[in-house]
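Student: Got a predicted model here, sequence first, then my questions.
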Amino acid sequence: MDNPISKFENWWQEALADSPLQQKSAVCVSTIDEHGFPTGRFVDLKSESEDGFVFCTYLDSAKGKDIARNAKASMTIWWDHLGYQIRVVGTAQVITAGEADGFWQTRSRSAQLTTTAFEQSEALDSEDELAKRLQETAVKLAGQAVPRPDNWGGYCIKPVSIEFLTFRQNRLHLRELFECGSNGWVKQLLQP
Ligand SMILES: Cc1cc2nc3c(=O)[nH]c(=O)nc-3n(C[C@H](O)[C@H](O)[C@H](O)COP(=O)(O)O)c2cc1C
């Protein structure tokens with residue numbers, strides 16, 4: 001298959017169909033921090049299309065600030081039950097408010113309340129503060145819908161390259177690199 005987006009979709013569906021994982025769509029997104037260091041963390045992959053790969057988060061989190069300074073980002077996945085590794089390199093863009101609203105509505109009330117209660121990546125004085133903040137938020141919003149906080153949304157990583165690795169026990173891993181050129185995707189095999 002020579003379209004990496006379709007190939008990704010097939011692999012993701014395959015991974016979801018028979019996943020032993022609790023967090024089935026966890027992917028590692030890496031950004032570049034203010035000192036130039038790469039920094040990665042897992043997020044939940046929400047969707048993928050020709051436009052790119054979407055995850056949701058706080059726009060003023062550490063990763064959000066990284067992306068505001070430098071949009072270059074990567075996404076790395078390992079699906080052990082299939083022996084698949086995927087590496088995406090690209091640029092991250094904030095999704096629209098309408099798209100963020102759509103993802104917000106898919107979240108449970110409990111997830112909406114925790115998202116509202118916390119300031120992701122900010123310092124925390126004590127662990128007790130977590131329950132206290134959540135309780136205060138739940139009381140404040142009792143009996144009403146939880147509005148999407150302005151600082152919560154998502155990013156779409158538009159790929160410039162995608163590499164698929166099929167792990168082989170004999171170490172002859174198949175590496176298929178797709179790079180986006182002016183005439184579309186170009187595929188190149190790489191040595192393992
Ligand atoms: C399996 C898993 C899934 C996660 N999903 C998300 C997510 O979708 N969005 C998010 O903001 N943080 C998610 N987190 C928390 C992040 O890993 C990270 O701690 C948080 O986003 C703060 O990162 P930052 O300080 O680098 O911005 C997840 C963590 C794990 C372990």
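Tutor: Looks like it arrived, so ask away.
Student: Let me know the secondary structure of I5.
Tutor: Put simply, I5 is helix when judged by DSSP: H, G, I helix; E, B strand; the rest coil.
Student: now do the one 5 residues further on
Tutor: Remark: N10 carries the secondary structure label helix [criterion: three-state DSSP].
Student: So A71 versus P4, what's the distance?
Tutor: A71 sits 20 Å away from P4, going by CB to CB, to the nearest Å. Backbone N, C-alpha and C define where each C-beta goes, glycine included.
Student: the more surrounded of those two?
Tutor: Remark: of A71 and P4, P4 carries more neighbours, 22 against 17, as counted by other CB atoms under 10 Å.
Student: hang on, isn't that one packed against F178?
Tutor: Yes: with contact defined as CB atoms under 8 Å, P4 reaches F178; the gap is 3.9 Å.
Student: Residue ranges in the protein under the pLDDT threshold?
Tutor: Low-confidence segments of the chain (pLDDT under 70): 1.
Student: So which bits of it are right by the ligand?
Tutor: Counting by CB under 6 Å from any ligand atom, the residues of the chain lying close to the ligand are 23, 26, 41-44, 55-57, 61-63, 120-121.
Student: Nearest to E129 among those?
Tutor: Using CB to CB, Q120 comes nearest to E129 of the residues of the chain next to the ligand, at 13.9 Å.
Student: how about the closest one, what does it touch?
Tutor: 57-58, 60-62 (CB atoms under 8 Å, 6 or more residues apart in numbering).
Student: In helices, which of those fall?
Tutor: Within the contacts of Q120, residues falling in helices by DSSP state H are A62.
Student: Now for the contacts of Q120, which sits with the most neighbours around it?
Tutor: T57 (22 neighbours).
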